[in-house]
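[1] Sequence and predicted model, in that order:
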Amino acid sequence: MIALPTALFPGTFDPITLGHLDILERACAMFDRVVVAVGARHDKQTLFSAAERVALIEKSAAHLRGVEVEEFDGLIVKYAQSKGATVLVRGIRNSLDFAYEQQMAVTNRRLAPEIDTVLLAADPVQAMLSSSLIKEILKAGGSVDEFVPAAVSAALGARG
C-alpha cells in the first residue's frame, strides 16, 4: 500500500464546530495522518485556552484514525515542516474565504515550495457556520448545541 502524505489542518478552533469536524473527517479520508494544529493565538481573546481546545478536538475526533492534535505557535509552514507535513488543509465557506486562503496558499508556497494547500469546500449545511458566529450566539444567550460537537456543548454547559 502506498503511504499518503501527512496533512496539517491549522486553525484557532475556538471552539471547534461541526463544520471544522466535517473538514477533518474528509481530510482523514484523503490522508493517512492529519495533524490538527491548534493556534495558541496569544494576541487574541479566546473562549477556551489552547490546552482546552486541544482536549475538545481530541474528544470530538476520537472516532477518526490517524489524527493528532497539538498546540502550535509561529509560522505554519515551519510547523508543518517540523511535523513532516507536505499538505495544508483548509476549509472554505464562501468567496471571501477563498480569496483569503488563496493568498495564504500562494504565500506559504513561496516560503516552503514543498508544501501544497488543499482547499475543501464546506458542506452546504455547515457553510455559514464559524467559531465567531458561535460566540455571538452564546453572548446573546442562545443554544449552539446543533452547531458544535457534543464535547464542546458539554464544556460550554459546564461553564454555565
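    It's in.
[2] what's the closest non-adjacent residue to residue 155?
    Spatial nearest neighbour of residue 155, excluding adjacent residues (C-beta to C-beta, 6 or more residues apart in numbering): residue 56 at 6.0 Å. C-beta: built from backbone N, CA, C; applies to glycine.
[3] How far off centre is whichever strand or helix holds that neighbour?
    Residue 56 is part of helix 50-60 when elements are defined by DSSP states H and E. Computed by C-alpha atoms, centre = their mean, to the nearest Å, the chain-centroid distance of helix 50-60 equals 11 Å.
[4] ok but residue 127 is inside a helix, no?
    No: counting by DSSP: H, G, I helix; E, B strand; the rest coil, residue 127 is not found in a helix; it is coil.
[5] what's the spacing between it and residue 22?
    Counting by C-beta to C-beta, to the nearest Å, the separation of residue 127 from residue 22 is 10 Å.
[6] Please name every helix or strand in contact with the longest helix anywhere in the chain.
    Criterion DSSP state H: the longest helix present in the chain is helix 95-111. Applying 3 or more C-beta pairs under 8 Å, 6 or more residues apart in numbering; DSSP states H and E, one finds that helix 95-111 contacts helix 76-83, strand 85-92, strand 116-121.
[7] Most tightly packed of those?
    Highest mean neighbour count of those: strand 85-92, a mean of 21 (counted as mean count of other C-beta atoms under 10 Å).
[8] For that one, give the mean pLDDT please.
    What strand 85-92 shows for mean pLDDT is 98.
[9] which secondary structure elements does that strand contact?
    For strand 85-92, the packing partners by 3+ C-beta pairs under 8 Å, 6+ apart come out as strand 6-11, helix 18-30, helix 76-83, helix 95-111, strand 116-121.
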